[in-house]
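Engineer: Sequence and predicted structure below; questions after.
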Amino acid sequence: MTTPILGIVAHSGSGKTTLLKQLIPYLRDRQIRVGLIKHSHHSVDIDTPGKDSYELRKAGADQTMVASSNRWALMTETPEAEELDLHFLASRFDDSTLDLILVEGFKREKIAKIALFRAASGREIDDILDDFVIAIATDTFFKWSVPLLDLNNIAEIGEFIVNWLSDRSSS
């Protein structure tokens, strides 16, 4: 896997998905092809009860692919898996079609991350910081050893990512 992986981490309810919904189009406008992995703490089911693919998967298929001329999705049953393996999941993407994989969640992974922090969250920022945080997108100011980005400025965050990608490709 050669596609760079960048995590977006924050406390629950801090706006990770909201940020990504704005950031992905910004990056696409900059000609960056983006893949996304979203971590969920809940059981995820992307299929619809009553549909053939749902019924066949529930009948015991270990992997089910639903495909049309517009998109396809592969569902893999992993009842014995103890931990999600982010790098395995990322390896399922087609490297030739992506420039970046954004990851929502997986805050304990040893990957480059941008941490989101809202002052009104009532939570401590230390809970989401580690040695892999390369920037903090926030709505407040404090001194830290990595760049602070304006959480409400998508262009600033987007350009930080564009420059981070550029620096990675030139080294």
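Structural biologist: Received the coordinates, thanks. Numbering: from 1, shown residues only.

Engineer: hey, where'd the strands end up in the chain?
Structural biologist: Using DSSP state E, the strands of the chain run over 5-9, 34-38, 63-67, 72-76, 100-104, 112-117, 133-138, 148-150.

Engineer: Mind putting those strands into a markdown table with mean neighbour count, distance to K16 and mean pLDDT?
Structural biologist: Glycine gets a C-beta too; all of them are placed from N, C-alpha and C. Shown next, in a markdown table, are those (neighbours: other CB atoms under 10 Å; distance: least, CB to CB, whole Å; pLDDT from 0 to 100):
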| stretch | mean neighbour count | distance to K16 | mean pLDDT |
| --- | --- | --- | --- |
| strand 5-9 | 24 | 5 | 96 |
| strand 34-38 | 17 | 9 | 93 |
| strand 63-67 | 13 | 27 | 81 |
| strand 72-76 | 12 | 22 | 83 |
| strand 100-104 | 21 | 5 | 95 |
| strand 112-117 | 24 | 6 | 96 |
| strand 133-138 | 21 | 10 | 96 |
| strand 148-150 | 17 | 14 | 96 |
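
Engineer: Let me have those in JSON lines, extended by distance to I157.
Structural biologist: As requested, the strands of the chain are arranged in JSON lines below (distance: least, CB to CB, whole Å):
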{"stretch": "strand 5-9", "distance to I157": "9"}
{"stretch": "strand 34-38", "distance to I157": "13"}
{"stretch": "strand 63-67", "distance to I157": "33"}
{"stretch": "strand 72-76", "distance to I157": "28"}
{"stretch": "strand 100-104", "distance to I157": "11"}
{"stretch": "strand 112-117", "distance to I157": "7"}
{"stretch": "strand 133-138", "distance to I157": "6"}
{"stretch": "strand 148-150", "distance to I157": "5"}
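
Engineer: what's the spacing between stretch 86-105 and its chain's center?
Structural biologist: 9 Å (CA atoms, centre = their mean, to the nearest Å).
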